[in-house]
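**Q** sharing a sequence plus its predicted fold:
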Amino acid sequence: MPPGLGVPAYTEGGLSDVLPSIAASLGVAASAPRWALPRARSAVVVLVDGLGYDLLRRRGGHAPWLRSLFETGQRVVSGFPSTTASSMGSFGTGLTPGGHGMLGYEVLVPEEDRLLNELSWEDGPVPELWQPRSTWFERAAAAGIDVVRTGPAFFDGSGLTRAALRGGRFVAAEELDARVDATLAHARSRSSSLTYLYWGELDKVGHVHGCESWQWGDELESIDRSLARLADGLPSDCSLTITADHGMVDVPMENRIDLAHDAELAAGVRHSGGEPRAPQLYCEPGAAADVLATWRGRVGERAWVLSRDEAVAAGLFGAVRGEHLSRIGDVVVAMRDDHAIVDSRHQRPQLLALLGLHGSLTDAEVPVPMFHVPARAT
């Protein structure tokens with residue numbers, strides 16, 4: 001294993017354990033859930049996109065209510081790559097990335113020899129075939145739990161939603177307070193319910209302005225106020241769980257290599273997938289060994305560079321199902337510190353301009369919170 005390589009500790013508890021544990025607290029059958037959460041009639045789970053654990057702890061002055069949960073909360077792993085598409089797969093299915101097969105921001109569709117953006121799902125395969133494992137929302141609904149998911153309208157029926165978060169019904173709401181109101185209305189019904197609330201603005205602000213910016217702090221303050229209102233308004237027999245999908249790192253423009261202007265690094269690479277903090281390189285036939293050696297020689301001090309076999313054997317993706325192996329790059333790269341590698345030949349200008357990035361294995365990106373506020377009565 002390369003020196004300093006931090007493999008996600010999936011066996012110690014992670015994002016994939018959140019929904020199975022919550023479902024078990026509602027009486028849904030779950031084999032050996034990670035956390036034995038107290039029984040509740042209903043549950044609310046909130047996922048704040050981009051709210052890394054270490055980032056929240058460091059900037060917790062903007063979030064007094066969330067800061068009050070650190071004493072009983074947990075620092076858990078999101079997974080690798082530490083990116084929304086993969087993390088949503090883990091959150092929704094209760095499996096690690098190698099199990100559900102959603103293995104990055106852009107991954108190879110082997111049968112078509114082209115990249116799939118698993119976030120936008122543009123021209124993507126049928127989501128239920130690409131990721132056929134059942135979700136915990138489906139399992140809860142099948143067990144008689146009234147499941148509602150709330151988020152922006154365009155998420156309803158999207159490829160990522162169908163692949164990772166299908167099950168129950170969707171309630172569209174744009175503003176955070178509107179989503180809180182919808183969540184409270186559902187949780188206050190007398191049926192046994194599970195309500196999922198997603199909020200993505202913190203991640204957007206971090207991408208555009210940086211996670212060290214005052215704008216990020218302001219957005220965190222707004223989230224903290226809304227979550228405190230949510231917690232205060234829930235009925236006594238409803239639990240509340242708050243988690244996230246990844247953290248973030250600010251990457252200066254001078255710390256980025258562009259494959260479009262680096263013929264040596266681009267040589268032998270048929271498709272540059274993954275994302276700037278976690279490139280996955282799909283190589284021309286017979287070129288993988290040369291690409292691996294070149295990248296290790298050129299960026300080995302700024303990244304961990306592994307072959308597919310090494311990455312799988314190290315456990316970066318968790319246990320990988322055989323049918324998912326070909327979706328992983330021949331060469332897997334995880335950037336260290338505040339470095340990135342981009343490819344302006346196919347990556348959108350909007351992506352190239354982002355300051356805050358994620359996807360790699362650092363402590364700023366992988367750990368996320370798991371804060372659980374148990375029901376006060378059952």
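**A** Yep, it's here. Numbers count the residues shown, from 1 in each chain.
**Q** what is the burial count for G14?
**A** Using other CB atoms under 10 Å, G14 has 27 other residues around it. Heads up, the C-betas are built off the backbone N, CA and C, glycines and all.
**Q** again, but for the one 4 residues further on
**A** By other CB under 10 Å, 28 other residues sit near V18.
**Q** nearest residue to the residue positioned nearest the centre of the chain in space, please, no chain neighbours.
**A** In the chain, the residue lying closest to the centroid (CA atoms, centre = their mean) is S87, at 2.7 Å. Nearest-residue entry for S87: D245, 3.6 Å, with adjacent residues in sequence omitted and distances by CB to CB, 6 or more residues apart in numbering.
**Q** what packs against the host helix or strand of A313?
**A** Per DSSP states H and E, A313 falls inside helix 308-314. Counting contacts by 3 or more CB pairs under 8 Å, 6 or more residues apart in numbering; DSSP states H and E, helix 308-314 is packed against strand 331-335.
**Q** partner strands of the strand it packs on and their direction?
**A** Next to strand 331-335 in the sheet, as set by DSSP bridges, lie strand 278-283 (antiparallel), strand 303-307 (antiparallel).
**Q** which one of those is the most hemmed in?
**A** strand 278-283 (a mean of 27; mean count of other CB atoms under 10 Å).
**Q** quick one: contacts for L37?
**A** 21-22, 24-25, 239, 372, 374 (CB atoms under 8 Å, 6 or more residues apart in numbering).
**Q** narrow those to those in helices?
**A** Counting by DSSP state H, the part of the contacts of L37 found in helices is 21-22, 24-25.
**Q** only the buried subset of those residues, as a ChimeraX command please.
**A** The buried subset of these, as determined by 16 or more other CB atoms under 10 Å, is captured in ChimeraX by this line:
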select :21,22,24,25
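**Q** okay if I get the ones in helices among the contacts of L37 as JSON lines plus distance to R34 and pLDDT?
**A** Shown next, in JSON lines, are those (distance: CB to CB, whole Å; pLDDT from 0 to 100):
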{"residue": "S21", "distance to R34": "5", "pLDDT": "97"}
{"residue": "I22", "distance to R34": "11", "pLDDT": "97"}
{"residue": "A24", "distance to R34": "9", "pLDDT": "97"}
{"residue": "S25", "distance to R34": "12", "pLDDT": "97"}
